[in-house]
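> quick one, what's the 3D model for this:
(one chain, ligands or ions: 1)
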Amino acid sequence: MSISYDAESRVFRLETQNTTYQMQIGPVGHLLHLYYGRPVPDALDYRLLPRDCGFSPNPYDLREHRGWSLDTLPQEYSSADNGDFRCPSIDLRTASGFRGTDLRYAGHEIQKGKYTLEGLPSAFDREDGCETLSITLKDEAAGVAVELLYGVFPRQNVITRAARITNGGVEALWLNRAASACLDLPFGSWELMHFHGRHCMERQPERAPLIHGVQTISSSRGASSHQHNPFVILCAPETTEDTGSCFGVMPVYSGGHFTDVELDQSGAVRLVTGISDAGFSWKLDPGETFTTPEVLFTYTHQGLTHLSHTFHRFLRQNLCRSKFASAARPVLINSWEAAYFDFDADLILTIAEGAKELGADLLVLDDGWFGRRNHDKAGLGDWYVNEEKLPGGLEPLIRKVNDLGLQFGLWVEPEMVNEDSDLYRAHPDWALRVPGRKPAVSRDQLVLDLSRPEVADWIYETIASLLRDYHIQYIKWDMNRHLSDVFSRDIPADRQGEVSHRWVLGLYSILERLTTEFPDVLLEGCAGGGGRFDAGMLAYCPQIWCSDNTDAYSRLAIQHGTSYGYPASAVGAHVSASPNHQTGRRTPLGSRGAVAMAGMLGYELDPGKLTEEERLEIRQQIRDYREFAPLVQLGDHYRLGENAWMFVSEKRDRALVTVTVPAPEGNPRPLHIRLKGLNPEGRYQIRRMTYFGCALQPEPLQGTWSGAALLYGGLTLPQLFGDLPGAQLLLEQTEAL
Ligand code: DGJ
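All right, here's what the predicted structure looks like:
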């Protein structure tokens, strides 16, 4: 049993292989958080020494105990306006006008298996021991019941959380905050690590000690965003890649989000995470229930790499439902940077022929194939073929591509509409906009109101028809602006605060239906690159276009930051032309290939513009990648500093090591690297070694070493000179020592 309850001490224990999580029902029914950390056999209630810290109120029924305050004791789901002045998890206002809740224990249930969440993506059990705890808390005055859900995955060391909030009273109430979870850490010193960025430079890690007060990582953009990824880590100051305590917190949500991290007067830390409350207000009529998105938690004392591995495996095995989570991915070629909007059927076929010769598996026809989409000012919404570019439609093109032996994939951006489109002319009211005000435009497009079921149904039907009518094996699902003017025509005024979240629910309903009906289609998420790179999208899309920045040098930082939370199997990574279209930088083809091979490899260039030598090199890259792909997709990813990484097979008998030198120096210091993840008792030989980007080709290393030598002694590489030079080594275990 991974979940237990001791009626005498009133302590709940959630156990995974490497963690214990404890809560206790307090003397008058508040649910207190006791502990989350390494396994311990005892109940840790002795740690909560009540102390009167002044100006921290006491619940009325404990007013004789000045030391007993919700403002200082760790809570499992914090409330507003009840004497706890720290960040609330739930903040509501009733029709009578009062605010806040005083939530007390009302019952609990322990069940085998994993709970599901209505209309929302969530983790699933593979019948290997997940259990669900549901604890109900009630506030009598507001008539509210909060059901806290805990999914305990013992082998995976993950605890999932969510909340269901029900209005059991007789009048309406409005939720102004409905967080998924709260994690109070009463002791210890913690730093916050988060992943900020911008378009073309997503998920840059930033780690800093907490300061007193509240730090918020959030997006009010209606999407998880390029700017602030929802994934955060709390780690001890001494935590490194390989050692030390850290908590990972990953919301399974693709819309606006927040994570508040508060360092309070006592030095305690509170983390509250959930749907962004910018503009959020959810009306609950009597009898109605609101369900929050899920959030994944893990804890390890073994450092950041261990934390990353936990989430990597979990996202692949317990969140993403697609068969492509583990099935081999096609090496694709995408038309975007090859042709942008300027193509016709002949050019696409020429690209396809070139791609076939290079050894690719799938051609993606990106933006520009539909409506009057000759530039980004028109056409979104008109998902029928542009016959001027593609005479005869998609069918003959797809047939010819298939006849070449390539699969066919198509780009769509169904959540959006251009004013210059037949769809908008027919349904101007389908776009989000505030009555009487001109909406903000972004990339000349407006956002369709997915909160309206008829709009969501139309999108589903339109994309489903494409998939039914044509032999399409891959869809790139793009989203190129954020939400503004969030007003929905059909919802009453007192429910307009629901629109942003209803919009995300509309999106999930479309993706749910499409992925159920077309399980063999590989869906790649995209939002102007990696602007919606989150666990919610990963439930449907096994891979997501990581960034519109395809420069290998920039990608080092983007892919490095991404790897803290997300597996390489989720990272769409392409080799593009040089000079790079985003940065103007020139990098050697070998370097571009090596960096893109740290994800799901693709190409985004016109093969017709390659030299014969480049064509040969790409053919070799694709051949190599086919050999590496299982390691990259399913192996354990180790960061060896910021510019080197390795993937190790589950059995630890194969490893792909990549080392890059982004800024070669004259007279450099020795390039020494200690490997990770190998079996210290095994012997490994370099089965293949290539240098890339080198002005002078050094001699390849040769040899057989013990795992211990490679782990503890490390490898010294020859001096590497060039533009982004580096080395790629494939290691294989020859025997166990
Ligand atoms: C943004 C995507 O990230 C690009 O890869 C490309 O598909 C363009 N949109 C097309 O408009």
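
> residue in the protein nearest to the ligand?
Residue nearest to the ligand within the chain: Asp367 (3.5 Å; Cβ to the nearest ligand atom). Placement of C-beta: from N, CA and C, glycine included.

> pLDDT score assigned to Pro668?
Note on Pro668: pLDDT of 87.

> residues contacting Glu131?
Neighbouring residues of Glu131 by Cβ atoms under 8 Å, 6 or more residues apart in numbering: Met1, Ser2, Ile3, Ile110, Gln111, Lys112, Gly113, Gly151, Val152.

> from the chain's centre, how far out does stretch 240-251 sit?
Centre-to-centre, stretch 240-251 and its host chain are 16 Å apart (Cα atoms, centre = their mean, to the nearest Å).

> scratch that, stretch 691-699
Its chain's average C-alpha position is 36 Å from that of stretch 691-699, according to Cα atoms, centre = their mean.

> likewise for stretch 516-523?
In terms of Cα atoms, centre = their mean, the centre of stretch 516-523 is found 20 Å from the chain centre.

> okay, buried residues for that stretch please.
For stretch 516-523, the buried set under the neighbour-count rule, 16 or more other Cβ atoms under 10 Å, comprises Phe518, Val521, Leu522, Leu523.

> what's the answer for stretch 251-270, then?
Applying 16+ other Cβ under 10 Å to stretch 251-270 flags 251-264, 268-270 as buried.

> tell me the residues of the stretch 301-450 of the chain that contact the ligand?
Counting by Cβ under 6 Å from any ligand atom, the residues of the stretch 301-450 of the chain lying close to the ligand are Trp336, Asp366, Asp367, Trp411.

> coming back round to it: so which of the contacts of Glu131 is the closest to Pro725?
For these, the minimum distance to Pro725 (Cβ to Cβ) is 46.2 Å, reached by Gly151.

> quick one: contacts for the closest residue to Ala577 other than its chain neighbours?
Spatial nearest neighbour of Ala577, excluding adjacent residues (Cβ to Cβ, 6 or more residues apart in numbering): Leu605 at 4.5 Å. By Cβ under 8 Å, 6+ apart, Leu605 lies in contact with Ile333, Glu337, Ala338, Val575, Ser576, Ala577.

> can you read off the pLDDT for Leu605?
pLDDT, Leu605: 98.

> and it, its phi and psi?
Torsion angles at Leu605 (phi, psi; degrees, to the nearest 10) stand at phi -160, psi 170.

> Gln728 versus that one, what's the distance?
21 Å (Cβ to Cβ, to the nearest Å).

> take the buried residues of stretch 516-523 and keep only those in strands.
Using DSSP state E, the members of the buried residues of stretch 516-523 that fall within strands are Leu522, Leu523.

> out of the buried residues of stretch 516-523, what pair is the most spread apart?
Across the buried residues of stretch 516-523 (Cβ to Cβ), the longest gap, 9.8 Å, separates Phe518 and Leu522.

> near the ligand, which residues of this protein?
Counting by Cβ under 6 Å from any ligand atom, the chain comes close to the ligand at Trp336, Asp366, Asp367, Trp411, Asp478, Asn480, Cys526, Gly528, Gly529, Trp545, Asp548.

> quick one on the thing from earlier: which non-adjacent residue is nearest the residue of the chain closest to the ligand?
Take Asp367 and drop its neighbours on the chain: the residue closest to it by Cβ to Cβ, 6+ apart is Trp411, 5.3 Å away.

> which residues does that neighbour bridge with?
Lys476 (DSSP bridges).

> hmm, Asp366 and it touching each other?
Yes. If you go by Cβ atoms under 8 Å, Trp411 and Asp366 touch, sitting 4.3 Å apart.

> can you list residues touching both of those two?
Counting by Cβ under 8 Å, 6+ apart, the residues touching both Trp411 and Asp366 are Trp336, Lys476.

> the longest helix along the chain - contacts with which helices or strands?
Counting residues, the longest helix in the chain under DSSP state H turns out to be helix 612-634. Using 3 or more Cβ pairs under 8 Å, 6 or more residues apart in numbering; DSSP states H and E, the elements in contact with helix 612-634 are helix 345-358, helix 589-596, strand 600-604, strand 644-648, strand 654-660, strand 722-736.

> so what touches the fourth one?
So that's strand 644-648. For strand 644-648, contacts defined as Cβ under 8 Å, 6+ apart pick out 560, 563, 568, 598, 628, 631-632, 635-640, 654-660, 673, 675-678.

> partner strands of it, with direction?
For strand 644-648, pairing defined by DSSP bridges yields strand 636-639 (antiparallel), strand 654-660 (antiparallel).

> point out the most buried one among these.
The highest mean neighbour count among the strands paired with strand 644-648, using mean count of other Cβ atoms under 10 Å, belongs to strand 654-660: a mean of 23.

> need the CA coordinates for it. PDB is fine.
Output in PDB follows, covering the C-alpha atoms of strand 654-660 (Å, rounded to 0.1, in the frame of the first residue of the first chain):
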ATOM      1  CA  ARG A 654      25.300   1.900 -24.900                       C
ATOM      2  CA  ALA A 655      25.800   5.600 -24.700                       C
ATOM      3  CA  LEU A 656      25.900   8.500 -27.100                       C
ATOM      4  CA  VAL A 657      28.200  11.300 -25.900                       C
ATOM      5  CA  THR A 658      28.200  14.700 -27.600                       C
ATOM      6  CA  VAL A 659      30.700  17.500 -26.700                       C
ATOM      7  CA  THR A 660      30.600  20.900 -28.200                       C
END
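
> that one vs helix 589-596, what angle?
120 degrees (axes from the mean of the first three to the mean of the last three Cα atoms, to 10 degrees).

> right, and the helix or strand after strand 654-660?
Following strand 654-660 in sequence order, the next helix or strand is strand 671-673 (DSSP states H and E).

> and for Leu631, nearest residue in space, chain neighbours not counted?
Phe647 (4.3 Å).

> between strand 644-648 and the one helix or strand in the chain whose mean pLDDT sits lowest, find me the angle.
Within the chain, no helix or strand scores below strand 722-736, which has a mean of 93 by mean pLDDT, DSSP states H and E. Compare the direction of strand 722-736 with that of strand 644-648 by the same axes, to 10 degrees and you get 30 degrees.

> can you list the strands that strand 722-736 pairs with?
strand 654-660 (antiparallel), strand 682-694 (antiparallel).

> and the closest residue to Met479 other than its chain neighbours, how many neighbours does it have?
Leaving out its chain neighbours, the residue that sits closest to Met479 by Cβ to Cβ, 6+ apart is Ala527, at 4.1 Å. For Ala527, the tally of surrounding residues (other Cβ atoms under 10 Å) stands at 29.

> Ala527 pairs with what?
Applying DSSP bridges to Ala527 gives these bridge partners: Gly530.

> wait, it sits on Leu483?
No. Contact between Ala527 and Leu483 fails when scored by Cβ under 8 Å: they sit 11.6 Å apart.

> any common contacting residues for those two?
By the contact definition Cβ under 8 Å, 6+ apart, Ala527 and Leu483 are jointly contacted by Ala223.

> circling back: which of the buried residues of stretch 251-270 fall within strands?
Counted as lying in strands by DSSP E, out of the buried residues of stretch 251-270, are Pro251, Val252, His257, Phe258, Thr259, Asp260, Val261, Glu262, Leu263, Val269, Arg270.

> hang on, the fifth one packs against Ile217?
Put plainly, it is Thr259. Yes. The criterion here is Cβ under 8 Å, and Thr259 meets it with Ile217 at 4.6 Å.
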